[in-house]
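A.B. asks: Just to be clear, the model below is a prediction. Sequence and coordinates:
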Amino acid sequence: MPAAVRATTDFFDQLTNDLLVLRVLAQQRFRPLSAEELNRRPSPSRWSAGQCLEHLNIVGGYYLPSIAARIKRAQARGSTPAPTAKQGYIGRRFIEAMRAPVSVKAYTTPQRYAPTGTRLPRTVAEVFSRQIDELLRLVLLARQVNANAVRIPNAIFPLLMFRLTDQLEFLVVHIQRHVAQAEAVLAGNGIGANVKVGEA
C-alpha cells in the first residue's frame, strides 16, 4: 500500500485545528475539576479521568523533548519544508490502530507509561494543558523544516524510527483517544456533559 501524501500546509493546519480543540477542552473541562472528580474511577480496573491525563503527560514527557531536539537539529542543518507531508507504512498502521475507540480496541499500556497513582493532584490537568501548548509550538516549528526527513524514536521500540509527520499525527490521535476516554469516565460519573473531541 503506498504511503499517504498530503499537502504540507493542509496536514499541519489539521493538526493545529485538532490541538486547538483539545486546548479549549483542557482549559474549560479538565482544569476546573476538583481532585475528587479527577480521581473518581468507574471501577477498580478502569482509569479515572486524572489517570487518563497522567498517562498522556508521561507519554508527552518522553516525546516532546525528543521532537524539540530533532527539530532543532534539522533547523541547524538548514532543512526547509517539503511541499507534501508523507506518511510511512508503519506510521500509518500505528495511527489507524490508535483511531479505534477504547470501547472497540483496548491496549495494554507498558508499565513505564502507566499512571503513577490513584490519588493524583489537580496539577495533572495543568501539566496536560501545558503539554498541549508545547505540542502546538512544536507543530509550528515542524512547518519550517522537512518533517518527512526528521526521524523520532518510538517510545516502546526505540529502534523503530517514525517520520516526524507520523509521530505528530500519532500523538494528536493518541491524545484524542484518551481525552475521549476521560470524557466518558466523567460522563459516567455524572460530571457534566460528554464533549466530542476531534470535531472542529
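C.D. replies: That came through fine. Note that the coordinates shown come from a computational prediction; the quantities given were computed from them, not determined experimentally.
A.B. asks: average pLDDT across the host helix or strand of residue 20?
C.D. replies: Using DSSP states H and E, residue 20 falls within helix 8-25. Helix 8-25 shows an average pLDDT of 97 in the prediction.
A.B. asks: Now do it: which elements does it pack against?
C.D. replies: strand 84-86, helix 123-142, helix 164-188 (3 or more C-beta pairs under 8 Å, 6 or more residues apart in numbering; DSSP states H and E). Using the backbone N, CA and C atoms, a C-beta is placed for each residue, glycine as well.
A.B. asks: could I get that helix in CSV with only the CA atoms?
C.D. replies: Provided in CSV are the C-alpha atoms of helix 8-25 (Å, rounded to 0.1, in the frame of the first residue of the first chain):
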residue,chain,number,x,y,z
THR,A,8,2.2,20.0,3.9
THR,A,9,0.1,23.1,4.8
ASP,A,10,-3.1,21.1,4.9
PHE,A,11,-1.5,18.5,7.1
PHE,A,12,-0.2,20.9,9.7
ASP,A,13,-3.4,23.0,9.5
GLN,A,14,-5.4,19.9,10.5
LEU,A,15,-3.1,19.0,13.4
THR,A,16,-3.2,22.6,14.6
ASN,A,17,-7.0,22.7,14.5
ASP,A,18,-7.2,19.4,16.4
LEU,A,19,-4.9,20.7,19.0
LEU,A,20,-6.8,23.9,19.4
VAL,A,21,-10.0,21.9,20.1
LEU,A,22,-8.0,19.9,22.7
ARG,A,23,-6.6,23.1,24.2
VAL,A,24,-10.0,24.5,24.8
LEU,A,25,-11.2,21.2,26.3
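A.B. asks: Heading C-terminal from it, find the next helix or strand.
C.D. replies: Next along from helix 8-25, by DSSP H and E: helix 35-39.
A.B. asks: Alpha carbons of that following helix, in CSV - could you do that?
C.D. replies: Presented in CSV, the C-alpha positions along helix 35-39 are these (Å, rounded to 0.1, in the frame of the first residue of the first chain):
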residue,chain,number,x,y,z
ALA,A,35,-9.1,16.4,42.8
GLU,A,36,-12.1,14.1,43.8
GLU,A,37,-13.6,14.4,40.3
LEU,A,38,-10.3,13.8,38.6
ASN,A,39,-9.6,10.7,40.7
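A.B. asks: Are there helices or strands packed against that helix, and which ones?
C.D. replies: helix 49-76.
A.B. asks: What mean pLDDT does the helix it packs on get?
C.D. replies: On average, helix 49-76 scores 97.
A.B. asks: and if you look at stretch 173-180?
C.D. replies: 95.
A.B. asks: what residues does it touch?
C.D. replies: Contacts to stretch 173-180, defined as C-beta atoms under 8 Å, 6 or more residues apart in numbering, come from residues 18, 22, 25, 52-53, 55-56, 59, 95, 98-99, 101-102, 132, 135, 197-198.
A.B. asks: Might you calculate how far it sits from the centre of the chain?
C.D. replies: 6 Å (C-alpha atoms, centre = their mean, to the nearest Å).
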